[in-house]
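Novice: Just a sequence and a predicted model for now, questions to come.
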Amino acid sequence: MKVVVIGGTGLIGSKLVRRLGEQGHEAVVASPSTGVDTLTGEGLAEVLEGAPVVVDVSNSPSFDDQAVMDFFRASTANLLKAEAEAGVRHHVALSVVGTDRLQGSGYFRAKQVQEELIKESGIPYSIVHATQFFEFAKGLADGVTEGDTVRLPAGRIQPIVSDDVAAAVGRAAVGAPVNGVVEAAGPEAFELEEFIRMGLAAQNDSRKIVTDPRATYWGAELQEDTLLPGPDAHLGEVRFADWLARQQ
């Protein structure tokens, strides 16, 4: 089966392309570097020809509120229009657990718009909601660092390794459209502070970590379970401590 992977050169996309290829599918990388630009529509008609499935794991190059909204609105609209014209039968998109609960953040408002466009498109779809990736612990900390102090909101998180995210997206891509959301998460939940502390300690990063009631998560306020998946989430097998040990 031909599967077009939008954002196929990124962290998840590259793993997904390799996984689909190993399963015998024709995984086609679609990104600006391969002549496909969802923001302008360039190359979409050509790459979608004969593809029953399209997977969108692309991300905005900028996290400025307006830029990220412009990216997801324009790229998703262009992609869905091209898919309708090409007769695509299954649109799969990667999004984030808790998106609808994180609307205080410009990034998650943009992801919500992306999801709404997909649901309204008329194309059969599956949206995969994943929790925060192991790989992004440091980036999350960097975004809330003041001086040498990392200020985090209170809350719990159930992070997942990127390989397990790619596996979840791959399962959705080769399966039937669910016309809804499926969730993927890691096997363990942590306090957000504990997750970041473990991630930084593994890199000998000595920044001080505190839980601050005024702190936000990418601009959004958290409740205790905002970042946690529901009871039906597919859980990965890789534990954070084991993954950290392999990074040494």
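Specialist: Alright, I've got the coordinates.
Novice: Wait, a helix at Pro177?
Specialist: No - assigned with DSSP: H, G, I helix; E, B strand; the rest coil, Pro177 falls outside any helix and is coil.
Novice: Could you number the chain from 43 rather than 1 from now on?
Specialist: Sure, I'll start numbering at 43, so the last one becomes Pro219.
Novice: Quick check: the gap between it and Ser168.
Specialist: Going from Pro219 to Ser168 by C-beta to C-beta, to the nearest Å gives 5 Å. All C-beta atoms are positioned from the backbone trio N, CA, C, and that covers glycine.
Novice: Residues that sit against both of those two, list them.
Specialist: Common contacts of Pro219 and Ser168 (C-beta atoms under 8 Å, 6 or more residues apart in numbering): 132-133.
Novice: Just want to know which of the two has more residues nearby.
Specialist: Legend: neighbour count by other C-beta atoms under 10 Å for Pro219 and Ser168, higher for Ser168 (23 against 15).
Novice: The nearest residue to that one once chain neighbours are set aside: what's it in contact with?
Specialist: Once flanking residues are discounted, Ser168 sits nearest to Ala214: 4.4 Å by C-beta to C-beta, 6 or more residues apart in numbering. By C-beta under 8 Å, 6+ apart, the contact list for Ala214 reads 97, 134, 168, 170, 220, 224.
Novice: Turn these into JSON lines, including pLDDT, secondary structure and distance to Thr118.
Specialist: Output for the contacts of Ala214, formatted as JSON lines (pLDDT from 0 to 100; DSSP: H, G, I helix; E, B strand; the rest coil; distance: C-beta to C-beta, whole Å):
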{"residue": "Val97", "pLDDT": "98", "secondary structure": "strand", "distance to Thr118": "13"}
{"residue": "Val134", "pLDDT": "98", "secondary structure": "strand", "distance to Thr118": "13"}
{"residue": "Ser168", "pLDDT": "98", "secondary structure": "strand", "distance to Thr118": "15"}
{"residue": "Val170", "pLDDT": "98", "secondary structure": "strand", "distance to Thr118": "15"}
{"residue": "Val220", "pLDDT": "98", "secondary structure": "coil", "distance to Thr118": "18"}
{"residue": "Val224", "pLDDT": "98", "secondary structure": "strand", "distance to Thr118": "19"}
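Novice: Would you mind listing which of those are buried?
Specialist: Neighbour counting over those (16 or more other C-beta atoms under 10 Å) leaves 97, 134, 168, 170, 224 as the buried ones.
Novice: what's across from the fourth one in the sheet?
Specialist: When assigned by DSSP bridges, Val170 has beta-bridge partners Leu136, Val224.
Novice: which residues of this protein fall in helices?
Specialist: Along the chain, counting by DSSP state H, helices occupy 53-64, 86-90, 107-128, 148-162, 179-185, 204-216, 234-243, 282-288.
Novice: which one of these lies closest to Gly77?
Specialist: The closest of the helices of the chain to Gly77 is helix 86-90. By C-beta to C-beta, the value is 8.0 Å.
Novice: What are the contacting residues of that closest one?
Specialist: 46, 70, 72, 76, 78, 80, 96, 120-121, 124-125, 127-128, 130.
Novice: Using neighbour counts, give me the buried entries of those.
Specialist: Looks like these have 46, 70, 72, 78, 80, 96, 120-121, 124-125, 128, 130 buried, using 16+ other C-beta under 10 Å.
Novice: Pull the most distant pair out of the residues you listed.
Specialist: Farthest pair in those, by C-beta to C-beta: Val70 and Asn120, 17.2 Å.
Novice: Could I get the pLDDT score of the closest residue to Thr82 other than its chain neighbours?
Specialist: Closest residue in space to Thr82, ignoring its immediate chain neighbours: Asn120 at 7.6 Å, by C-beta to C-beta, 6+ apart. You'll see Asn120 listed with a pLDDT of 98.
Novice: so Arg202 sits right up against Phe175, yeah?
Specialist: If you look again at residue 202, you'll see it is Ile, not Arg. Yes - counting by C-beta atoms under 8 Å, Phe175 is a contact partner of Ile202 at 6.3 Å.
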